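Asks: next one to model:
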Amino acid sequence: MSDHASEQSGTTPAPGMVAVVGAGAMGSGIAQVAAQAGHEVVLVDARDGAAQEAVERLRSTLGRLADKGRIGADEAAAAGGRLGVAEDLRTLPSCRLVIEAVVEDLEVKREIFAALAARQDADTILASNTSSLSITAIAEGIAHPDRIIGLHFFNPPPLMRLVEVVRGARSGTDSVDDACELVRAWGKTPVRCASTPGFIVNRVARPFYGEAQRMVAEGIADAATIDAALRGAGFRMGPLELTDLIGQDVNLAVGTSVWEQTDHDARYEPTAYQQDLVARGALGRKTGHGVYRYDESDQAVDASPDEAAVERLVGGPVRTDPVARTLAMLVNEALAVVVRGEATAEDVDTAMRLGANYPRGPIEWGREIGFDVIKAQLEELAEIYPGGRYRPSKALSQDLPGVGASTGLRPPG
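Replies: Numbers count the residues shown, from 1 in each chain. Next up, the predicted model:
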């Protein structure tokens with residue numbers, strides 16, 4: 001647990017009105033979490049009837065949870081009764097918190113926040129569920145920007161424990177603290193981070209996908225073999241099968257956004273391999289074909305690994321070892337977040353365990369492998385592949401608070 005995630009408040013905060021702008025999957029899921037936590041919740045959506053439809057779906061969902069014994073029937077009825085709708089932003093009541101969960105378009109979000117800032121109380125927390133846009137940019141020119149923060153929930157919100165609590169350049173400490181306390185009262189684990197491209201999870205995870213794609217394109221091993229190697233290291237899914245599940249187009253869009261927002265840093269450059277998949281319409285499970293081909297039950301039909309190759313590659317030279325090469329990049333990226341002051345080491349590890357389902361946090365993993373080993377591996381890769389992608393973070397040579405000493409162990413496998 002992170003320092004922030006383990007903080008205990010003396011009392012449970014009294015529920016207040018929560019509004020959710022956007023009645024899609026994410027907005028509806030957030031509304032469900034808030035209603036089950038005891039808040040009166042108001043949904044609003046630009047499409048006529050969408051908010052009411054979402055409320056009806058949520059009440060059905062709560063009923064099914066009760067039927068399965070997941071929650072009590074009284075709890076389901078009470079939570080459903082706390083859900084309501086507003087016609088538009090002008091008719092929203094005064095709220096303790098408003099969470100925006102609409103399309104990832106900066107200008108659309110800025111219009112929403114300007115309207116909210118003009119009508120809500122000055123101490124109402126205004127939060128965006130954006131996964132890729134700058135909270136600083138969203139708040140620019142809007143009244144009382146100290147109350148504007150990011151609350152990045154993970155899909156599906158009722159099940160995923162992590163919430164990234166994002167501070168923009170002008171977000172107030174009180175707003176961030178209050179949001180963390182509220183999120184914790186909802187049974188979630190908040191981690192704090194600065195408003196930087198990809199926040200924690202979507203930035204640190206880029207090498208998990210990118211290294212696998214590069215190794216397949218280079219002919220080091222086939223996709224199934226690389227996926228098997230990473231599963232053997234404890235990851236629930238290999239990177240290539242995971243991008244098929246996410247959608248190659250969705251994964252590429254997130255990666256491209258991070259790359260563009262970091263001035264085309266070579267660390268995040270999208271691969272030609274994935275760009276070609278998207279160009280061919282091979283988007284993964286949803287199209288029946290991505291890295292793998294899928295049958296009618298969504299089972300991959302061409303995903304048998306070469307187990308002998310897995311044994312040969314893991315523990316060998318870093319260039320051809322899917323585990324060592326991927327972990328070196330993940331550790332490097334995680335440490336870079338810490339050394340830039342964007343999040344603590346403990347919050348980075350918590351975020352990657354809970355938000356990306358990693359078996360261990362990358363910094364914890366780096367301690368076990370040895371930061372000196374990671375640095376040597378990256379220097380070796382940088383010689384083979386010049387251009388800046390594999391440049392070691394200066395954090396590998398620094399004594400950072402909360403990072404700790406390395407032990408010099410080799411990676412698992």
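Asks: residues near the closest residue to Gly72 other than its chain neighbours, how many?
Replies: Once flanking residues are discounted, Gly72 sits nearest to Ala66: 6.6 Å by Cβ to Cβ, 6 or more residues apart in numbering. Heads up, the C-betas are built off the backbone N, CA and C, glycines and all. Here the number of neighbours of Ala66 (other Cβ atoms under 10 Å) works out to 18.
Asks: ditto for the one 4 residues further on
Replies: Burial of Arg70, expressed as a neighbour count using other Cβ under 10 Å, amounts to 11.
Asks: cool, and Val85?
Replies: 18.
Asks: any buried residues in stretch 250-261, and which?
Replies: Asn251, Leu252, Val254, Gly255, Thr256, Ser257, Val258, Trp259, Gln261 (16 or more other Cβ atoms under 10 Å).
Asks: go on, stretch 205-222?
Replies: 205-216, 220-222.
Asks: with stretch 375-391 instead?
Replies: Result for stretch 375-391 [16+ other Cβ under 10 Å]: buried residues Lys375, Gln377, Leu378, Glu380, Leu381, Arg389, Tyr390, Arg391.
Asks: now tabulate the buried residues of stretch 250-261 in TSV and tack on secondary structure and distance to Val339.
Replies: Output for the buried residues of stretch 250-261, formatted as TSV (DSSP: H, G, I helix; E, B strand; the rest coil; distance: Cβ to Cβ, whole Å):
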residue	secondary structure	distance to Val339
Asn251	helix	26
Leu252	helix	28
Val254	helix	23
Gly255	helix	22
Thr256	helix	25
Ser257	helix	23
Val258	helix	18
Trp259	helix	20
Gln261	helix	19
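Asks: can I get those in a markdown table including pLDDT and distance to Gly341?
Replies: Below are these laid out as a markdown table (pLDDT from 0 to 100; distance: Cβ to Cβ, whole Å):
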| residue | pLDDT | distance to Gly341 |
| --- | --- | --- |
| Asn251 | 96 | 28 |
| Leu252 | 96 | 29 |
| Val254 | 93 | 23 |
| Gly255 | 95 | 24 |
| Thr256 | 95 | 25 |
| Ser257 | 93 | 22 |
| Val258 | 94 | 18 |
| Trp259 | 96 | 22 |
| Gln261 | 93 | 18 |
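Asks: is it possible to export the residues you listed to CSV including distance to Gly22?
Replies: CSV is the format used below for these (distance: Cβ to Cβ, whole Å):
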residue, distance to Gly22
Asn251, 22
Leu252, 24
Val254, 19
Gly255, 24
Thr256, 23
Ser257, 19
Val258, 23
Trp259, 26
Gln261, 22
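Asks: which pair in the buried residues of stretch 375-391 spans the largest distance?
Replies: Farthest pair in these (Cβ to Cβ) is Lys375 and Arg389. Separation: 15.1 Å.
Asks: any idea how far the residue nearest to Tyr268 when sequence neighbours are not counted is from Gln275?
Replies: Excluding its sequence neighbours, the residue lying closest to Tyr268 (Cβ to Cβ, 6+ apart) is Trp259, at 4.1 Å. For Trp259, the distance to Gln275 equals 12 Å [Cβ to Cβ, to the nearest Å].
Asks: next: Leu240.
Replies: When Leu240 is compared with Gln275 (using Cβ to Cβ), they lie 15 Å apart.
Asks: what about the two, which has more around it?
Replies: Comparing Leu240 with Gln275 by other Cβ under 10 Å, the one with more neighbours is Leu240, at 28 against 14.
Asks: checking my notes, the more buried one in a strand, right?
Replies: No. Per DSSP: H, G, I helix; E, B strand; the rest coil, Leu240 lies outside any strand segment and is helix.
Asks: report the contact partners of it.
Replies: Ala212, Gln213, Val216, Ala223, Ala224, Ile226, Asp227, Val291, Tyr292 (Cβ atoms under 8 Å, 6 or more residues apart in numbering).
Asks: mind listing what's buried along the host helix or strand of Asp174?
Replies: Per DSSP states H and E, Asp174 falls inside helix 173-185. Using 16+ other Cβ under 10 Å as the test for burial, helix 173-185 gives Ser175, Val176, Asp178, Ala179, Cys180, Glu181, Leu182, Val183, Arg184, Ala185.
Asks: could you say what helices and strands that helix packs with?
Replies: strand 125-128, strand 148-153, strand 162-167, strand 189-194 (3 or more Cβ pairs under 8 Å, 6 or more residues apart in numbering; DSSP states H and E).
Asks: what ranges does the protein have for its strands?
Replies: Ranges of strands within the chain are 18-21, 41-44, 83-85, 97-100, 125-128, 148-153, 162-167, 189-194, based on DSSP state E.
Asks: show me the one of those that comes nearest Met329.
Replies: With Cβ to Cβ as the yardstick, what comes closest out of these is strand 189-194 (19.6 Å).
Asks: which helices and strands does that closest one pack with?
Replies: Using 3+ Cβ pairs under 8 Å, 6+ apart: strand 189-194 touches strand 162-167, helix 173-185, helix 345-355.
Asks: quick one: low-confidence parts of the protein?
Replies: Residue ranges of the chain with pLDDT under 70: 1-14, 399-402, 404-413.
Asks: right, and Ser94 touches Asp121 too?
Replies: Yes. Applying Cβ atoms under 8 Å, one finds Ser94 in contact with Asp121, separated by 5.6 Å.
Asks: give me the common contacts of these two.
Replies: By Cβ under 8 Å, 6+ apart, no residue touches both Ser94 and Asp121.
Asks: list the contacts for Ser397?
Replies: Phe371, Lys375.
Asks: equivalent analysis for Arg391, please.
Replies: Arg267, Leu378, Ala382.
Asks: ok, Ala31 next?
Replies: Counting by Cβ under 8 Å, 6+ apart, Ala31 has contacts Val18, Val20, Ala23, Val41, Leu43, Ala54, Leu58, Leu83.
Asks: where along the stretch 301-413 of the chain do the helices fall?
Replies: 307-313, 322-339, 345-355, 362-369, 371-384 (DSSP state H, counting those that start in this stretch).
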